[in-house]
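Task: produce atomic coordinates for the following.
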Amino acid sequence: MAIEPAAQILALRESLNERFDRYLAAAGEPLTSGADVTQWLLSQLPGTDPELLGWAVLTVAGLLYPGMRAERAAIGMTATVPGAAGQSMTMLIASRVGEALIEAAAGPGRSETSPAGPGRSETSPGETSPGETSPGETSPGETGTGETGTGETGTVMVGRELSLVDLTEAYADLRLPAAPGASAALRRRQLRQHMASELAEIREALTDGIAGIDLTAAGWALTGTGMCLLVQTSRAPAGRRARLMGRRRRHDELKNSAMRSAMLLAVIGDFLVDPQVPW
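A predicted model of the protein is given here:
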């Protein structure tokens, strides 16, 4: 393997894989392989290293997984995402995206096609989907390129669909102490202030644990992953067992928690791309 992450990150990966295997054994229902999200991410981040992106996504998924570290709660659990089960499921799916990115680094060349991402969902002409802006709109603070998060010279080229992802609703829906009418910029600022130590921990884990990591590229990958999982989760119907056993309410609670967890991935990516607070 070309990249040798720190022991802490390798341990997170092993734990995620163990929990994923246990989920499959208990649920009897497969989770996504992450292949579609991975293919779309690589089409939107040309020239980036899939293996570095994969390790970044895996690391953040492990840090966000509830119960991964017995000495403390998972990042984001206390103030932003109610419900450990939904956050667990989302981070397991995100870990599959990370694994698929790592595998892509050793596989054949990237596909020229761009599969459905948050900006290419199944909507009628003229409609927008979660994570997609209306024609002519741009997301605050986002452009088609980003300066490298490591401070090195150069830029990260970002595809149009990913660059137009709008996180306004994500910041509005995460649990925050802001007033109901607070602006998106205020909510963004408050979330970052509230999670300052956790965001710093994520940044440190990535920079210390993955040699050569580009935080801007990693951030875009996390934002893309989070928004893709948000769209997928929003469309997921109740499972057969939930319908038969009258567990629809529990399913809805799990789904809402999973959607907020996907948003959390996206806003953490936004922080890595642009650590400065103001929009």
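
any low-confidence regions in the stretch 51-200 of the chain?
69-83, 108-154, 175-180 (pLDDT under 70).

Can you list the residue ranges for strands in it?
Counting by DSSP state E, counting those that start in this stretch, the stretch 51-200 of the chain has strands at residues 145-147, 155-157.

which stretches of the stretch 151-279 of the chain form helices?
160-163, 168-173, 184-194, 196-209, 215-234, 240-244, 248-273 (DSSP state H, counting those that start in this stretch).

Out of these, which is closest to Met68?
Across the helices of the stretch 151-279 of the chain, Met68 has its closest neighbour in helix 196-209 (12.3 Å, CB to CB). Bear in mind the C-beta positions are built from the backbone N, C-alpha and C, glycine included.

For the closest one, name the packing helices and strands.
helix 7-27, helix 50-64, helix 215-234, helix 248-273 (3 or more CB pairs under 8 Å, 6 or more residues apart in numbering; DSSP states H and E).

Buried residues, stretch 155-165. List them.
By neighbour count on 16 or more other CB atoms under 10 Å, the buried set for stretch 155-165 is Val156, Met157, Val158, Gly159, Glu161, Leu162, Ser163, Leu164, Val165.

I figured the last one hits Met227, correct?
Yes - at 5.3 Å, Val165 and Met227 qualify as touching, with contact defined as CB atoms under 8 Å.

Met89 is nearest to which of the helices and strands packed on helix 196-209?
It's helix 248-273; of these, that one is closest to Met89 (CB to CB) at 5.3 Å.

Show me what counts as buried in the closest one.
Buried, per 16+ other CB under 10 Å, within helix 248-273: 251, 254-273.

Quick check: mean pLDDT of it?
For helix 248-273, mean pLDDT is 85.

packing partners for that helix?
Taking 3+ CB pairs under 8 Å, 6+ apart as the contact cut, helix 248-273 packs with helix 50-64, helix 84-106, helix 168-173, helix 184-194, helix 196-209, helix 215-234, helix 240-244.

tilt between that helix and helix 196-209?
60 degrees (axes from the mean of the first three to the mean of the last three CA atoms, to 10 degrees).

I'd like the distance between Gly181 and Arg187.
11 Å (CB to CB, to the nearest Å).

Same check on Trp55?
Distance from Trp55 to Arg187, by CB to CB: 30 Å.

Those two: who's more crowded?
Trp55 (29 against 21; other CB atoms under 10 Å).

Please give me every residue in contact with that one.
Ile3, Pro5, Ile9, Gly98, Ile102, Ile210, Ile213 (CB atoms under 8 Å, 6 or more residues apart in numbering).

Scan these and report the most crowded one.
Result: Gly98 is most packed of the contacts of Trp55 (other CB under 10 Å), 27 neighbours.

Output the helices and strands packed on helix 248-273 as a markdown table; include the columns distance to Ala35.
Formatted as a markdown table, those follow (distance: least, CB to CB, whole Å):
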| stretch | distance to Ala35 |
| --- | --- |
| helix 50-64 | 12 |
| helix 84-106 | 5 |
| helix 168-173 | 24 |
| helix 184-194 | 31 |
| helix 196-209 | 24 |
| helix 215-234 | 12 |
| helix 240-244 | 24 |
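
can you tell which of those helices is closest to Gly34?
helix 84-106 (3.6 Å).

so what secondary structure elements neighbour the closest one?
helix 7-27, helix 35-44, helix 50-64, helix 215-234, helix 248-273.

what angle do the shortest one and helix 50-64 make?
Computed by the same axes, to 10 degrees, the angle separating helix 35-44 from helix 50-64 equals 130 degrees.

any idea of the mean pLDDT for helix 35-44?
94.

orientation of it relative to helix 84-106 in degrees?
Using the same axes, to 10 degrees, helix 35-44 lies at 60 degrees relative to helix 84-106.

Can you tell me which helices and strands helix 35-44 packs against?
helix 50-64, helix 84-106, helix 160-163, helix 215-234.

Relative to Leu45, how far out is the residue lying closest to Asp49 once chain neighbours are set aside?
In this structure, Asp49 finds its nearest non-sequential neighbour in Ala105, 6.8 Å apart by CB to CB, 6 or more residues apart in numbering. Ala105 is 13 Å from Leu45, where distance means CB to CB.
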